[in-house]
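Engineer: need coordinates for the following:
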Amino acid sequence: DVDIVAIKPDAFSIKAGVITVLSLLAWGFGYFGQPHILARFIGIKDVKSVRRARRVGISWMAICLLFASLIGLIGIGFHAANPLEGVAGVDGNAERIFLALTSALFHPIFAGVVLAAVLAAVMSTADSQLLVLTSSLTEDIPPIAALPDAKKKWISRLGVLGFALLAFLIALFDKGTILDMVGYAWGGFGAA
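Structural biologist: Below is the predicted model of the structure:
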C-alpha cells in the first residue's frame, strides 16, 4: 500500500496565481486549433456526421486525460516502490513513466504491442502535422498559392522534407521536456 501524498506532497494540491490559472485555462483554446484533428473534421463526408464525430472526439479526449492522470498517479507509487529505469537518476525523465510502466508490468510481447501503438500514434500525429504545414505553405501564402499546381506540388514535397528536418533539429538540440515543446505549440494554436 503506497501513499502518494507521502511520496509527492504536492500531487493533489493546486496552488497557483491568477496568471498561472488563466494560462493553464488558455491551453483549452489549443484544443480547437489542433490541425491534425481539424483535418479529420474537414474530411467528414457529410454535415450530419459532425455531431457524432464531435461527441466521439470529446469523449475520447476525456477518457485519454483521465487515464493519463491515473498513469501519472500509478507511476508515482510504483516508482517509489520499484524504481523504474529511465525515469529516475541524472538522465531520468518523468515523461517516460508510461513507457517504463509498460515495460515493467507487462509481458514483453504485450508491452511490444503497446509500445508499437504509442509509436503509431506519434507517427500519425506527426504526419498529419507535416501535411497541414505543407498545405498551409502552398495554399495560405499568396505568392505560392498563385503558382501552377505542378510547382506547388514540388514546393509541398520540399516543404515536407524541410519541416521534417526542422523538427528533427529541434528535437535533437532542445534540452527541454516534451511538455515544454507542446506548451509552445499550444500557445500558437490558442493565439491563432
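
Engineer: so what's the gap between the longest helix along the chain and the chain middle?
Structural biologist: When the chain is parsed with DSSP state H, its longest helix is helix 48-81. In this view, helix 48-81 has its centroid 12 Å away from the chain centroid, taken as C-alpha atoms, centre = their mean, to the nearest Å.

Engineer: all numbers from here: first residue = 52
Structural biologist: Happy to do that; since the first residue is 52 now, the last one works out to helix 99-132.

Engineer: buried residues in it?
Structural biologist: Neighbour counts over helix 99-132 (16 or more other C-beta atoms under 10 Å) mark 125-130 as buried. Just so you know, the C-beta spots here come from the backbone N, C-alpha and C atoms, and that holds for glycine as well.

Engineer: contacts for the next helix or strand after that helix, please.
Structural biologist: Downstream of helix 99-132, the next assigned helix or strand under DSSP states H and E is helix 148-156. Here helix 148-156 makes contact (C-beta atoms under 8 Å, 6 or more residues apart in numbering) with 122-123, 125-126, 129-130, 133, 135-138, 162, 165-166, 169.

Engineer: stretch 173-191 now?
Structural biologist: 86-87, 89-91, 195-196, 203, 206-208, 210-211, 214-215, 218.

Engineer: swap the cut-off to 10 Å and go again
Structural biologist: Stretch 173-191 is contacted by residues 85-91, 93, 195-196, 198, 200, 202-215, 217-218, 236 when judged by C-beta atoms under 10 Å, 6 or more residues apart in numbering.

Engineer: buried ones from the residues you listed, can you make that a PyMOL selection?
Structural biologist: Burial among the contacts of stretch 173-191 is assessed by 16+ other C-beta under 10 Å; the matching PyMOL selection reads:
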select buried, resi 85+86+88+195+203+206+207+210+211+214
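
Engineer: in helices, which of the contacts of stretch 173-191 appear?
Structural biologist: Going by DSSP H, the helices hold 86-91, 93, 195-196, 200, 202-215, 217-218, 236 from the contacts of stretch 173-191.

Engineer: any idea which of the buried residues of helix 99-132 is closest to residue 232?
Structural biologist: residue 126 (20.7 Å; C-beta to C-beta).

Engineer: host element of the spatially most central residue of the chain?
Structural biologist: Taking C-alpha atoms, centre = their mean, the centroid of the chain lies closest to residue 233, which sits 6.7 Å from it. If you go by DSSP H and E, residue 233 is part of helix 229-242.

Engineer: about what we covered before: other SSEs contacting the longest helix of the chain?
Structural biologist: For helix 99-132, the elements it packs on are helix 55-58, helix 69-82, helix 86-93, helix 148-156, judged by 3 or more C-beta pairs under 10 Å, 6 or more residues apart in numbering; DSSP states H and E.

Engineer: now tell me what touches the first one from outside.
Structural biologist: Right, the one you point to is helix 55-58. By C-beta under 10 Å, 6+ apart, helix 55-58 touches 62-64, 123-128, 130-132.
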